[in-house]
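Undergrad: Just to be clear, the model below is a prediction. Sequence and coordinates:
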Amino acid sequence: MPTLRIEPPSDYLLRRDACSYGYFLLEPNHWDPPTSTFSTSIDLGTVATTVQVTQPGGKGTPLKVRTDSKLDAPSKKALRLSLARMLRLDEPAEVVRAFHKVDPRFRKSGRGRLMRSASFFEDVLKTVTSCNVTWPGTVNMNAKLCRVLGRETASGRHAFPLAETIAKARPATLRARCSVGYRDARIVELAKIFARDRVDAAWFESPSTPSQEKFDALLEWPGIGPYAAANILQLLGCYERLPLDTESVRHGRDVLGFTGTGEQIMQRVHRHFEPFGEHGFRSYWFELWAHYELRKGPSHTWIRDTTGKSFTAAQLKPVDLAKDLAAIRANMNRRNA
DNA sequence: GGTAGACCTGGACGC
DNA sequence: GCGTCCAGGTCTACC
């Protein structure tokens, strides 16, 4: 099996930094807890490949990347870029340290990087498939999109489909075979926008582009509202705006102890994270993530088809939340102390 | 500008 | 097994 070696940032820990956002549980991604192996399938344009990523030496040591097929030089380069994007290998240790200065609660665990997709397009679609649906629905949609439209690799797995492929699909096909429901036409329209080169990905990815301009541009796309745009912004590395949803209201009410209407709680959650400034979303997300881990164990132990299908608070019964509330609050207080 | 209702799927629940 | 209800963010029509 062909192997690549990638030098990560000095503080990089695969099992922590790959299992840091829900997308690690969505196809085409897979985390294998017993072997601490992250695998995914990526369509590189000329070929699709399934890769297995491990870090045998532990924190800061090289990543070992095995591919299921021999790649030529341009494909290897494309693969390295995709993995760097996905695993946030382009985010140096200093950036994470800057976050820990603002929010020392996560210095000990070292949390700071949020994994994302191999491409901007996949991030946008994953966001759309997470809107107005419960988590199992998102899992299902992504699995079917890969299986129905994604290119097959030598190992028999499927990559996330390219924009060009979805752009050619009929909305009715997506609805019938991928269970995307009313999102069908919006997803095809989004794919057409990307496929016809109407997206300047470099402009969106650039830290020098004002995030407000990115936000406004995203709102112009079909299926992208304020929540989705804010979520895509954090996936682009702009953390000052919080994509708050019903999950945030639950967190505000059940963990932070806020009271009032959903709207009032959401505003209080916004204010709560304002002091973290440009790192606001990291603070918010890792606080939420810590809550999940308190209930379900460390994220690197989650199994996609069991724990991974039920990890959001929406899946937790009120009686369970009440039972654990004291422990959760005590944990947060310890961190705040 | 603000608001109500439709959109669709899958899980929970009652029978 | 079947029917009903509900959760979830965006879009559109209407006031």
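TA: Thanks, I have the structure now. Numbering: from 1, shown residues only, chains lettered A, B, ... in the order given.
Undergrad: so what's the residue of chain A most remote from its centre up against?
TA: Going by Cα atoms, centre = their mean, the residue of chain A most distant from its centre is residue A:260, 29.9 Å out. Residues counted as contacts of residue A:260 (Cβ atoms under 8 Å, 6 or more residues apart in numbering) are residue A:268. Bear in mind the C-beta positions are built from the backbone N, C-alpha and C, glycine included.
Undergrad: Please tell me how far it sits from residue A:182.
TA: The gap separating residue A:260 from residue A:182 is 31 Å, by Cβ to Cβ, to the nearest Å.
Undergrad: Ok, residue A:195 next?
TA: 21 Å.
Undergrad: What number of residues are in the vicinity of the residue of chain A found nearest DNA strand B?
TA: Minimum separation of chain A from DNA strand B (Cβ to the nearest atom of the strand) falls at residue A:181, amounting to 2.7 Å. Residue A:181: 12 surrounding residues under other Cβ atoms under 10 Å.
Undergrad: List the contacts of it.
TA: residue A:175.
Undergrad: which bits of the stretch 51-200 of chain A sit near DNA strand C?
TA: A:131, A:132, A:133, A:134, A:137, A:181, A:182, A:186 (Cβ under 7 Å from any atom of the strand).
Undergrad: Which two among these are spaced furthest apart?
TA: Maximum pairwise distance in these, criterion Cβ to Cβ, is 18.8 Å, between A:134 and A:186.
Undergrad: Just want to know which of the two has more residues nearby.
TA: residue A:186 (18 against 14).
Undergrad: how far away is the closest residue in space to residue A:107 that isn't next to it in sequence from residue A:294?
TA: Nearest residue to residue A:107, sequence neighbours excluded (Cβ to Cβ, 6 or more residues apart in numbering): residue A:100, at 4.2 Å. As for residue A:100, its distance to residue A:294 is 20 Å (criterion: Cβ to Cβ).
Undergrad: who's more crowded, the two?
TA: Remark: of residue A:100 and residue A:294, residue A:100 carries more neighbours, 18 against 14, as counted by other Cβ under 10 Å.
Undergrad: The more buried one contacts residue A:108, doesn't it?
TA: No. Taking Cβ atoms under 8 Å as the definition, residue A:100 is not a contact partner of residue A:108, at 9.2 Å.
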